[in-house]
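> build the 3D model from these lines:
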Amino acid sequence: MDASEALNNAKINKDRATSKYYKEYDGFATLTHSPKFQLTTNTNFFTIGSCFARNIEFYMNRKKIPYLSQVPLVDGEYFKMGGSARAGYQNVYTPGAVLEASRLILQDDPYVGITEVGGLSYDLLTHGLKGLEAEIARDIRQGLIDTYKNLEKSDVVIITLGFIEAWYHKPSRVWVNQSPADPKLRKIADEFSFEVLDETKTLAILEEAIDNFRKINPSLQFIFTVSPVPLGSTFTEEHILVANQRSKSTLHCVAQHLWRKYDFVDYFPSYEIVSLSERKLAFEDDNIHVKGEVVSRVMDCFFKSYFS
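So this is what the prediction gives:
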């Protein structure tokens with residue numbers, strides 16, 4: 001960019017000044033977003049990511065916008081926390097887990113990452129499920145695979161990135177959604193390795209994932225977001241505030257890089273809207289989950305931006 005272009009940006013950008021912005025700040029971060037492409041109510045969405053991705057699905061459902069990422073409900077007894085039948089086991093949190101999701105319907109072994117411990121099968125590509133009978137674990141995996149086949153008829157994939165503290169299961173050679181911190185998995189802790197992904201590796205992993213998704217459907221477009229939900233705890237020696245900021249900064253940097261590099265990739269600032277709002281207004285009492293009012297504000301911005 002030459003000097004004249006930068007100076008022209010400064011001239012036409014009405015939102016360039018911090019002091020001016022905060023004169024109208026009421027505790028909730030508000031901003032306008034100029035998307036790279038427009039969407040319609042007939043667009044078929046597929047969402048991938050953490051619990052914030054489920055928030056997106058909830059609001060799409062309310063607006064009767066089709067999304068194809070709904071997995072089969074699983075009996076509550078199969079979850080570590082119990083409860084009623086639900087989804088959520090499809091949540092993925094790290095770039096590596098996104099990569100494994102992109103491989104689900106491409107690899108030869110559909111059950112890779114299901115490992116046996118004490119006579120029970122643990123699907124390491126899922127979140128929150130306990131050890132199950134082998135047939136049940138495989139049936140749940142098949143439901144995931146069948147859902148990911150919907151990518152073939154999807155238009156846009158929304159990927160919400162969570163954090164960069166990643167676990168890898170060496171025998172399966174996959175990035176996983178569970179860790180050996182689980183008491184039942186500590187028996188095989190030496191089968192896992194841990195890595196804090198840097199910018200270079202995060203970018204390489206996500207570009208490979210994009211390539212895989214576009215092998216399934218070459219016309220796919222992508223909207224990347226960074227989850228505003230903070231890292232709950234860290235496996236590093238860092239203070240949690242430092243570890244969380246490192247995660248979010250890395251993911252933000254890489255998501256912005258992908259947005260600038262590819263014309264079929266956009267970035268939506270859900271992280272900024274939540275994290276730059278006052279914490280007491282934005283987060284529940286656990287200081288992790290985002291309040292419904294703020295999620296609603298995020299989705300209002302999303303729909304106003306992408307749907308003309």
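
> report the contact partners of P171.
T115, E191 (Cβ atoms under 8 Å, 6 or more residues apart in numbering). C-betas here are computed from N, CA, C, even on glycine.

> per-residue pLDDT, it?
At P171, the model reports a pLDDT of 97.

> cool, and G232?
At G232, the pLDDT recorded in the model is 92.

> could you find the closest non-adjacent residue to it?
I288 (5.9 Å; Cβ to Cβ, 6 or more residues apart in numbering).

> how much space between the one you found and D15?
29 Å (Cβ to Cβ, to the nearest Å).

> for this structure, what helix or strand is lowest in average pLDDT?
Every helix and strand of the chain was ranked by mean pLDDT, DSSP states H and E. The lowest is helix 51-62, at a mean of 82.

> would you mark the buried spots in that helix?
Using 16 or more other Cβ atoms under 10 Å as the test for burial, helix 51-62 gives C51, F52, A53, R54, N55, I56, E57, Y59, M60.

> isn't the third one up against T47?
Yes. Using Cβ atoms under 8 Å, A53 makes contact with T47 at a distance of 4.4 Å.

> touching both of these two, which residues are there?
Joint contacts of A53 and T47 (Cβ under 8 Å, 6+ apart) are S69, I158, I159, T160.

> for those, could you give me a markdown table that also reports secondary structure and neighbour count?
Converted to a markdown table, these look like this (DSSP: H, G, I helix; E, B strand; the rest coil; neighbours: other Cβ atoms under 10 Å):
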| residue | secondary structure | neighbour count |
| --- | --- | --- |
| S69 | coil | 24 |
| I158 | strand | 25 |
| I159 | strand | 26 |
| T160 | strand | 30 |
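
> now do the strands in the protein.
45-48, 114-117, 120-123, 156-161, 165-169, 174-176, 192-196, 221-226, 265-267 (DSSP state E).

> mind listing what the fourth one pairs with, with the direction of each?
Here strand 156-161 is paired, per DSSP bridges, with strand 45-48 (parallel), strand 221-226 (parallel).

> so which of these is the most packed in?
strand 221-226 (a mean of 25; mean count of other Cβ atoms under 10 Å).
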